[in-house]
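Predicted structure and sequence below. I'll ask about it afterward.
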Amino acid sequence: MSSEAIDPDNTSSPLVRIDYRARYHDLLRDHLPEKFRPFAPFFANTRRLETMAGMLQRNFGGTGKAVLNAGCGPFASEIFVGALQHQQIEAFDYTPEFAAFFNIFRQEGLLADVRFFHADAMTVSYPNARFNLLVMHDLLYETALDLETMLARYIPFVAPGGLVYFDFMNARLRTLWRLLGKEKQYRRYDPDEVRSLLARHGLTVLEWQAVRSGSKGPSAGFHALLRALGTANAFAVMARIEPEAS
């Protein structure tokens, strides 16, 4: 299902407020610094949130739960992902240009249950917190971050039985992306190695699936072909932290 077809009033949909997307895009366009302005359509493309939103809808029920969103960006997840509504969210991002949007969206009547900090993912600490969900969406492509290091750092902040969502780029498609002229300086991981490190850290995989591309047209068809062949440029993972790992 494309995001255009999702009814914002349909509680069975994994995304909400789709009618707000144009306003969200315009606020980004109007308030981002010039060097970031071309990224407004990317951030406002809610199709890129559908895989995460669906996983959370199936695995993370209820309200009032403690959520840590590491590398939140300009708050698209908090605004559009249904399962993150009415939760108690701690969000941080390293990019200072995103910080202003916290107050901008607050003035729009959004993010009432969110606290935001400008912070570095490798230094921020929550020693007294026990989150029910850790989200690392569109974060692990950063070359400065390492999945195993991030898990070792953040698992102590997650409650026993809590959930971890993350997505990562598939190292097995690096050569193909280079041949297509599309490869950038992103960090990639081998799927088998990801499964092994999850096991080492006491995480049980609940769901593992290809990330739905935010692309349109021929590019979207190409990503669909990859999924039909059992692979993808990026995978999304939902895992549970077993009590002995916390």
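That came in fine, so what should we check first? Residues are numbered from 1 along each chain as shown.

Name all residues that make contact with residue 129.
Contacts of residue 129 were listed using CB atoms under 8 Å, 6 or more residues apart in numbering, and they are 66, 68, 90, 157. Any C-beta I mention is one placed from the backbone N, CA and C, and that applies to glycine too.

now do residue 99
Residue 99 sits in contact with 93, 116, 118, where contact means CB under 8 Å, 6+ apart.

quick check, nearest of the residues you listed to residue 239?
Closest to residue 239 out of the contacts of residue 99 is residue 93 (22.7 Å), distances taken as CB to CB.

Can you get me a residue count around the closest one?
For residue 93, the count of nearby residues is 24 (other CB atoms under 10 Å).

Residue 102 now?
22.

Please apply the same query to residue 59.
Counted by other CB under 10 Å, the residues lying close to residue 59 total 16.

surely it meets residue 161?
No. With contact defined as CB atoms under 8 Å, residue 59 does not count as touching residue 161 (11.8 Å).

give me the low-pLDDT residue ranges for the chain?
In the predicted model of the chain, residues 1-11, 214-215, 245-246 satisfy pLDDT under 70.

one more time with 80, if that's ok
Low-confidence regions of the chain, defined here as pLDDT under 80, cover residues 1-12, 213-220, 223, 244-246.

Any idea which residue is closest to the centre of it?
For the chain, the residue whose C-alpha lies nearest the mean C-alpha position (CA atoms, centre = their mean) is residue 137; its distance is 2.0 Å.

my read: that one touches residue 71, true?
Yes. If you go by CB under 8 Å, residue 137 and residue 71 touch, sitting 7.5 Å apart.

how near is the residue nearest to the centre of the chain to residue 167?
Remark: distance between residue 137 and residue 167 (CB to CB, to the nearest Å) = 6 Å.

tell me what the longest strand along the chain is packed against?
The strand of greatest length in the chain, counted in residues with DSSP state E as the criterion, is given as strand 158-170. The elements that strand 158-170 packs onto, with contact taken as 3 or more CB pairs under 8 Å, 6 or more residues apart in numbering; DSSP states H and E, are helix 50-59, strand 131-136, helix 147-154, strand 188-189, strand 234-241.

Next, report how far the helix or strand just after that strand is displaced from the centre of its chain.
Beyond strand 158-170 on the C-terminal side, the first helix or strand identified by DSSP states H and E is helix 174-179. For helix 174-179, the separation from the chain centroid amounts to 24 Å (computed by CA atoms, centre = their mean, to the nearest Å).
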